[in-house]
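Q: Based on what follows, work out the 3D shape:
(one chain, ligands or ions: 1)
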Amino acid sequence: MLAMNAMVKPAADAVVADAAKAPAKVVARNVNVYYGDKHALKDVSVDIPERSVMAFIGPSGCGKSTFLRCINRMNDTIPSARVTGNIEIDNLDIYDKSLDVVQLRARVGMVFQKPNPFPKSIYENVAYGPRIHGMARSKADLDEIVTASLKRAGLYEEVKDRLSDPGTGLSGGQQQRLCIARAIAVGPEVILMDEPCSALDPIATARIEELIDELRQNFTIIIVTHSMQQAARVSQRTAFFHLGNLVEEGPTETVFTTPHDRRTQDYITGRFG
Ligand SMILES: Nc1ncnc2c1ncn2[C@@H]1O[C@H](COP(=O)(O)OP(=O)(O)OP(=O)(O)O)[C@@H](O)[C@H]1O
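A: Here you go, the predicted model:
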């Protein structure tokens, strides 16, 4: 049996079954990414169910972040990157030439490895997106969006008396929750998280994991993580990548306990990676 099984114990979660049945929010077909001549992502096809968490795992350089960045077209910002294939969100082709990428990135928010608040106040960090997207008709509207977003990110109680203080003055974990509030504020449907806890201590990590678990009631979340324990704790489905290939995708419990592919088994038992 797998050596890691004792450590990587998927949450006993009825949603596992539901997630398998949930309609797909993101549908990727035959996605390839090239950086110049380098073929970094190879023919990836996957359905990502709505209102659930999917974890992307795999050894360093296997293409997890590359694929994540395809889902909000962040690879557009890398001059050498070329993407082929098809990705749809709610049947909308996100690579359609007429698509407004700014609108797409409001629908598909992103949280990065290192918390990156703007050098602005806590309030302004959250208000910035709604303001540029014209989501608030009045200051009262904006206040409401900021408050609601901070509450949903589990940060409001800690910052409500100092909203005009700089966001960069918060602790790392608070900064990451501020970044999540900032992403939530523009009303996304999908939230991409690229190793969101790797710069955080275990307590701050636990809070973010709890938050992810709450957020999946309303959002489709995709998280890249190097921690198999984290993938097991927070996700309903897991996708294992290796050398640019999506080797295996399925319910987290299955991927961790009875993987179909030898490479998945080798990775989760620590034989490589
Ligand atoms: N901007 C870039 N320019 C050129 N090559 C890149 C670029 N970004 C990634 N790559 C290459 O593409 C491959 C996949 O990288 P990617 O960052 O997606 O992997 P990853 O699985 O997320 O890795 P890690 O776990 O280390 O973050 C790697 O070989 C990497 O060197």
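
Q: So which residues of the stretch 51-200 of the chain form helices?
A: 64-70, 101-107, 122-132, 139-152, 156-159, 172-185 (DSSP state H, counting those that start in this stretch).

Q: of those, which approaches the ligand most closely?
A: helix 64-70 (3.2 Å; C-beta to the nearest ligand atom). Every residue, glycine included, has its C-beta placed from N, CA and C.

Q: close to the ligand, is that closest one?
A: Yes. Counting by C-beta under 6 Å from any ligand atom, the ligand has neighbours in helix 64-70: 64, 65, 66.

Q: elements contacting that helix?
A: Under the contact definition 3 or more C-beta pairs under 8 Å, 6 or more residues apart in numbering; DSSP states H and E, helix 64-70 sits against strand 24-35, strand 38-49, strand 53-57, strand 190-194, strand 220-224.

Q: could I get the helices of the stretch 51-200 of the chain as JSON lines with mean pLDDT?
A: Below are the helices of the stretch 51-200 of the chain laid out as JSON lines (pLDDT from 0 to 100):
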{"stretch": "helix 64-70", "mean pLDDT": "97"}
{"stretch": "helix 101-107", "mean pLDDT": "94"}
{"stretch": "helix 122-132", "mean pLDDT": "97"}
{"stretch": "helix 139-152", "mean pLDDT": "96"}
{"stretch": "helix 156-159", "mean pLDDT": "96"}
{"stretch": "helix 172-185", "mean pLDDT": "95"}
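
Q: Make a markdown table out of the ones you listed and add mean neighbour count.
A: Below are those laid out as a markdown table (neighbours: other C-beta atoms under 10 Å):
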| stretch | mean neighbour count |
| --- | --- |
| helix 64-70 | 24 |
| helix 101-107 | 15 |
| helix 122-132 | 21 |
| helix 139-152 | 17 |
| helix 156-159 | 16 |
| helix 172-185 | 24 |
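
Q: Brilliant, that's me finished.
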